[in-house]
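Q: Build the 3D model from these lines:
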Amino acid sequence: MLIWLLRRLLQAALVLLAMTALVFIGVNVIGNPVDIMISPDADQEVRQQAISALGFDKPLWEQYLIFLKNALNGDIGNSYVFNQPALDVIMQRLPATLELAVAALILSVLIGIPLGLIAGLYPEIAVSRVIMTVSILGFSLPSFWVGLMLIMLFSVMLGWLPSIGQGETVEVLGMRWSFLTWDGLKHMFLPALNLSLYKISMVLRLTRAGTSETLHTEYIKFARAKGLSPVRIVGVHVLKNIMIPVVTVVGLGFGGTIAYAVVTETVFAWPGTGKLIIDSINVLDRPVIVAYLMMIVTIFVVINLLVDLSYTLLDPRVRLGDRG
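A: Sure thing, here's the model as predicted:
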């Protein structure tokens, strides 16, 4: 187990190193922030001073090495717009995105798994056919259109829920959180539901496929022969054995949910990192863009490691295979 963990950590470090190079080079070859920061009427001397102050007069490989050295010390640079460390700017917006992503994943599990079990246990009933038909919409409908329809229905026509903003927040550990207030929860529901639709469909279909396959296995037949109740068979034997693909989708989907929250945060004016990165791209705020992309990469790597660890807890065959 220790050797496996060390190997995974080494792989994660190499992935992060490779991604720093790709992210840094990719961001630095697109546009010139000086063209936005400096007035077009400024003379060449002022422009050259700005270029030298930002380090753009050095070769790209030298800029990357300086960036890598500073990043190891926790310094990714100062935002050109906010004039403060880029990581601080990201951390100010990160709680809003995290609670939105967590709420979306909770909804995907609470809705997707029960509906998938119904569709897998009773595939011939009309409800199951409706569930599988509706799940197709979660894959096919664009999230921005669904978000607008949710706003029109629940905010404009019915007036049940607010349409934009984060609502009332509470400061905990120096960060503002909206899930701790009723007003914040009401503001969070629509964007969380919009963000979770794709994951609900994915979890639903995986659960349905896993349930249909597991019901015909020998150990399920043996459990029925022993006289175990249907609730125990489904809750213990079926559900546990279909959780590995669900855990993979939900776990790895967390990083994707954060990365793809850009559209949802824009539609619902949610003050998270997704809206921040759009604004930063518009003004070519390179340190914020790099900090955001590196955060996403780190989240994906860490979650991938945690998902691999969860496999060893859910499936003994993974542990045995590692020992072998």
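Q: Report how many residues lie close to residue 45.
A: Residue 45 has 8 neighbouring residues, counting by other Cβ atoms under 10 Å. For every residue, glycine as well, the C-beta is placed using N, CA and C.
Q: any idea how far it is from residue 52?
A: 11 Å (Cβ to Cβ, to the nearest Å).
Q: now swap in residue 133 and tell me
A: Note on residue 133: its distance to residue 52, by Cβ to Cβ, is 62 Å.
Q: residue ranges of the helices in the stretch 201-324 of the chain, please?
A: Counting by DSSP state H, counting those that start in this stretch, the stretch 201-324 of the chain has helices at residues 218-225, 230-232, 239-241, 243-259, 261-267, 273-282, 286-314, 316-323.
Q: Which one of those helices lies nearest to residue 177?
A: Residue 177 lies closest to helix 273-282 among the helices of the stretch 201-324 of the chain, at 14.9 Å (Cβ to Cβ).
Q: For the closest one, name the packing helices and strands.
A: helix 86-121, helix 261-267, helix 286-314 (3 or more Cβ pairs under 8 Å, 6 or more residues apart in numbering; DSSP states H and E).
Q: So for that helix, what gets flagged as buried?
A: Residues 273-277, 280-281 are the ones in helix 273-282 that count as buried (16 or more other Cβ atoms under 10 Å).
Q: quick one: which of those residues is nearest residue 206?
A: residue 274 (25.8 Å).
Q: Quick check: that closest one touching residue 261?
A: Yes. Between residue 274 and residue 261 there is a contact under Cβ atoms under 8 Å: 4.3 Å.
Q: any common contacting residues for the two?
A: residue 97 (Cβ atoms under 8 Å, 6 or more residues apart in numbering).
Q: just to revisit the earlier point, looking at the helices and strands packed on helix 273-282, which has the lowest confidence?
A: Lowest mean pLDDT within those: helix 286-314, at a mean of 76.
Q: Report the angle between that helix and helix 243-259.
A: Helix 286-314 runs at 170 degrees relative to helix 243-259, counting by axes from the mean of the first three to the mean of the last three Cα atoms, to 10 degrees.
Q: For helix 286-314, list every residue counted as buried.
A: 286-297, 299-301, 303-305, 307, 310-312.
Q: That helix: how far from the chain's middle?
A: Distance of helix 286-314 from its chain centroid, counting by Cα atoms, centre = their mean, to the nearest Å, is 9 Å.
Q: Show me what that helix is packed against.
A: helix 2-28, helix 86-121, helix 243-259, helix 273-282, helix 316-323.
Q: Give me the angle between that helix and helix 273-282.
A: 150 degrees.
Q: Tell me where the model's unsure across the stretch 201-324 of the chain.
A: For the stretch 201-324 of the chain, residues meeting the criterion pLDDT under 70 lie at 219, 222, 226, 228, 235-237, 252, 310-324.
Q: meant to ask about the stretch 1-150 of the chain
A: 1-2, 4, 30-44, 46-47, 50-51, 53-55.
Q: Report all helices and strands that the host helix or strand of residue 66 contacts.
A: Using DSSP states H and E, residue 66 maps to helix 60-72. When contacts are defined as 3+ Cβ pairs under 8 Å, 6+ apart, helix 60-72 sits against helix 2-28.
Q: Dump the helices and strands packed on helix 273-282 into JSON lines; add distance to residue 168 as well.
A: Output for the helices and strands packed on helix 273-282, formatted as JSON lines (distance: least, Cβ to Cβ, whole Å):
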{"stretch": "helix 86-121", "distance to residue 168": "13"}
{"stretch": "helix 261-267", "distance to residue 168": "18"}
{"stretch": "helix 286-314", "distance to residue 168": "26"}
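Q: Which of the ones you listed sits closest to residue 64?
A: helix 286-314 (10.8 Å).
Q: what angle separates the closest one from helix 2-28?
A: Angle of helix 286-314 versus helix 2-28, following the same axes, to 10 degrees, is 160 degrees.
Q: quick one: helix 286-314 to helix 60-72, angle?
A: 60 degrees.
Q: Please shift the residue numbers so they start at 20 in all later answers.
A: Will do, 20 is the new start, and the previous item becomes helix 305-333.
Q: angle of helix 305-333 against helix 105-140?
A: 40 degrees.
Q: picking up where we left off before, ok, so of the buried residues of helix 292-301, who is nearest residue 113?
A: Distance to residue 113, by Cβ to Cβ, is smallest for residue 292 among the buried residues of helix 292-301, at 5.7 Å.
Q: That closest one: what's it in contact with?
A: Applying Cβ under 8 Å, 6+ apart, we find residue 292 in contact with 109, 112-113, 115-116, 277, 280, 284, 311, 314.
Q: Max pairwise distance over these: which two?
A: Counting by Cβ to Cβ, the most remote pair of these is 284 and 314, 14.9 Å apart.
Q: How about stretch 240-249, which residues are buried there?
A: Judged by neighbour count (16+ other Cβ under 10 Å), stretch 240-249 contains these buried residues: residue 242.
Q: What separation do you get for the spatially closest residue to residue 214 that is not a sequence neighbour and residue 316?
A: Leaving aside its chain neighbours, residue 214 sits nearest to residue 123 (4.0 Å; criterion: Cβ to Cβ, 6 or more residues apart in numbering). For residue 123, the distance to residue 316 equals 20 Å [Cβ to Cβ].
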